[in-house]
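K.L.:
With the input below, show me the fold.
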Amino acid sequence: MQKPKPQAPWEVNTGEGVINLPSGVKSRKGAERLSIVYDYAKIPDKTVAGWKLIPAPNGNVAYSTTSILDKAKYDQFTQLDLTYFRGYLTLPNGFKLNKATVTIGNVDDQARMLVFNSLHPKGYYVEANDGQRGGQGVTTDFTGKIAVGEVNTFIIVQVDDNCCGNNLTGGISVQINDQVIKPTTTWAKEHPEFLKSDVYIDLNNLRAYSINGGGYSDSQPYGVTIEGGDCVIRTLDELSGKAAYLSIIKKQVGNSSSNNKPVFAFQVMNSAPNTYLVPKGNSAQDNRITTRQFGNVIPDEAKFYEESPLFNDPKQNGFNSYQNVKFAGSYLRHQGKFLEIDPKGSDNVYIKDATWRIEKLK
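P.N.:
Okay, the predicted model is just below:
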């Protein structure tokens with residue numbers, strides 16, 4: 001019987017500081033804590049500076065600090081200070097998940113718990129719990145919302161709306177079936193590729209090194225659209241008022257049996273469930289990419305190994321190349337703005353065409 005893997009240690013980010021609410025807007029109505037406060041949340045990106053580990057022996061998070069809100073505005077509820085907590089959880093492929101809950105010990109003043117994964121790339125939460133979180137031991141039921149076989153990201157948005165304390169104490173408990181999952185300090189070593197990506201904040205999109213004529217530029221963002229059954233790269237200007245670009249995430253779907261390298265698929269999130277980028281044909285040559293919906297099993301032709309960039313520009317960071325699992329030696333590339341896989345070439349055009357960066361489309 002498969003067991004859930006250990007959880008990543010909890011981290012904290014103190015956010016952007018004091019937020020002054022617009023005139024006439026308050027965070028409470030009488031004794032009721034209002035969920036409008038979460039409209040001002042800006043969850044920091046995964047890779048930005050500011051995330052720090054929380055001392056939490058046995059997972060018992062104890063965050064307590066002095067409020068930075070204006071003491072002169074005590075009981076006015078016109079200011080916010082948002083603090084963010086995050087933790088990662090992985091469940092192995094084939095794991096039978098019957099129940100998943102997260103419990104927060106003590107919250108001052110309220111908090112919202114969210115989970116981000118391929119099922120819920122924009123985050124799932126239970127709004128009915130928000131206003132109750134000035135108390136103790138509030139549990140959010142995530143049963144049916146946790147994705148098996150991938151990384152799930154838990155985010156807590158904690159709200160201080162009245163000085164003079166700012167606290168989240170008493171621990172954060174993640175329970176899978178009947179087991180409380182304990183954090184481990186080795187989690188980051190086990191999931192280095194996930195920590196480089198930014199899937200849980202927003203949907204990621206493909207960018208090519210050479211799409212703009214032989215050099216990379218951040219000045220013109222590109223998206224992927226579907227035209228006549230083929231995946232085509234277009235500028236946002238070209239897409240404006242026409243076809244919508246595909247929202248794509250890079251999703252780890254396992255590891256290679258031969259070398260244990262991570263295996264990824266590109267899932268299209270604004271399409272039917274379980275839709276992925278996949279070669280259209282049965283050969284490796286001039287095989288254009290399309291989108292296709294699958295069941296629970298993703299075929300090898302929709303899987304890719306992430307490798308070092310075929311074209312290495314020391315002035316650019318974050319680029320990789322993607323070798324197809326089924327068609328060994330063939331890489332994801334663009335040609336004439338079409339996405340396709342082709343056998344690896346040695347010429348300068350090919351290696352640039354097959355060098356990509358996965359990032360948020362601006």
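
K.L.:
CA atoms for contacts and neighbours, from now on please.
P.N.:
Will do.

K.L.:
Check what pLDDT the nearest residue to residue 50 once chain neighbours are set aside gets.
P.N.:
Residue nearest to residue 50 in three dimensions, not counting chain neighbours: residue 13, with 5.5 Å by Cα to Cα, 6 or more residues apart in numbering. Model confidence at residue 13, given as pLDDT, is 93.

K.L.:
Isn't residue 13 up against residue 82?
P.N.:
No - counting by Cα atoms under 8 Å, residue 13 stays clear of residue 82, with 9.1 Å between them.

K.L.:
name the element the closest residue to residue 19 other than its chain neighbours belongs to?
P.N.:
Leaving aside its sequence neighbours, residue 19 sits nearest to residue 80 (Cα to Cα, 6+ apart; 5.0 Å). Counting by DSSP states H and E, the secondary-structure element that holds residue 80 is strand 79-90.

K.L.:
Repeat that for residue 350.
P.N.:
helix 348-353.

K.L.:
what does residue 188 give?
P.N.:
With DSSP H and E as criterion, residue 188 is part of helix 187-190.

K.L.:
what does residue 322 give?
P.N.:
Counting by DSSP H and E, the element that carries residue 322 is strand 319-324.

K.L.:
same for that strand, what does it pack against?
P.N.:
Judged by 3 or more Cα pairs under 8 Å, 6 or more residues apart in numbering; DSSP states H and E, the packing partners of strand 319-324 are strand 304-307, strand 330-335, strand 356-360.

K.L.:
And the first one, how far out from the chain middle?
P.N.:
Using Cα atoms, centre = their mean, to the nearest Å, the distance from the centre of strand 304-307 to the centre of the chain it belongs to is 19 Å.

K.L.:
Please save the CA atoms from that strand in PDB.
P.N.:
Extracted C-alpha coordinates of strand 304-307, given in PDB (Å, rounded to 0.1, in the frame of the first residue of the first chain):
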ATOM      1  CA  PHE A 304       9.000  15.200 -22.400                       C
ATOM      2  CA  TYR A 305      12.400  15.100 -20.600                       C
ATOM      3  CA  GLU A 306      13.500  18.600 -19.600                       C
ATOM      4  CA  GLU A 307      17.200  19.000 -20.500                       C
END
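
K.L.:
Quick one: mean pLDDT for it?
P.N.:
90.

K.L.:
And stretch 333-350, by the same measure?
P.N.:
87.

K.L.:
What residues sit buried inside the helix or strand encompassing residue 113?
P.N.:
Residue 113 is located in strand 110-116, with elements delineated by DSSP H and E. Within strand 110-116, the residues scored as buried using 16 or more other Cα atoms under 10 Å are 110, 111, 112, 113, 114, 115, 116.

K.L.:
Give the pairing partners of whichever helix or strand comes after that strand; include direction for each.
P.N.:
Using DSSP H and E, the helix or strand that follows strand 110-116 towards the C-terminus is strand 136-141. Applying DSSP bridges, strand 136-141 is found paired with strand 100-108 (antiparallel).

K.L.:
Run the chain-centre distance for the partner strand.
P.N.:
22 Å.

K.L.:
now do stretch 256-264
P.N.:
21 Å.

K.L.:
can you check stretch 337-352 too?
P.N.:
With Cα atoms, centre = their mean as the basis, the mean position of stretch 337-352 lies at 29 Å from the chain mean.

K.L.:
Report the helix or strand with the lowest average pLDDT across this structure.
P.N.:
strand 204-208 (a mean of 42; mean pLDDT, DSSP states H and E).

K.L.:
Just list what the next helix-or-strand element following that one packs against, helices and strands only.
P.N.:
Under the assignment DSSP H and E, the closest C-terminal helix or strand after strand 204-208 is strand 222-227. If you count contacts as 3+ Cα pairs under 8 Å, 6+ apart, strand 222-227 packs onto strand 204-208, strand 230-235.

K.L.:
just for the stretch 51-200 of the chain, where's the confidence low?
P.N.:
56-60, 131-134, 191-200 (pLDDT under 70).

K.L.:
give me the number of residues near residue 142?
P.N.:
Residue 142: 19 surrounding residues under other Cα atoms under 10 Å.

K.L.:
wait, I meant residue 72
P.N.:
So residue 72, with other Cα under 10 Å, has 8 neighbours.

K.L.:
On the three-state scheme, it is what?
P.N.:
helix (DSSP: H, G, I helix; E, B strand; the rest coil).

K.L.:
Go ahead and list the helix or strand containing the closest residue to residue 340 other than its chain neighbours.
P.N.:
Closest residue in space to residue 340, ignoring its immediate chain neighbours: residue 288 at 3.9 Å, by Cα to Cα, 6+ apart. Assigned by DSSP H and E, residue 288 belongs to strand 287-293.
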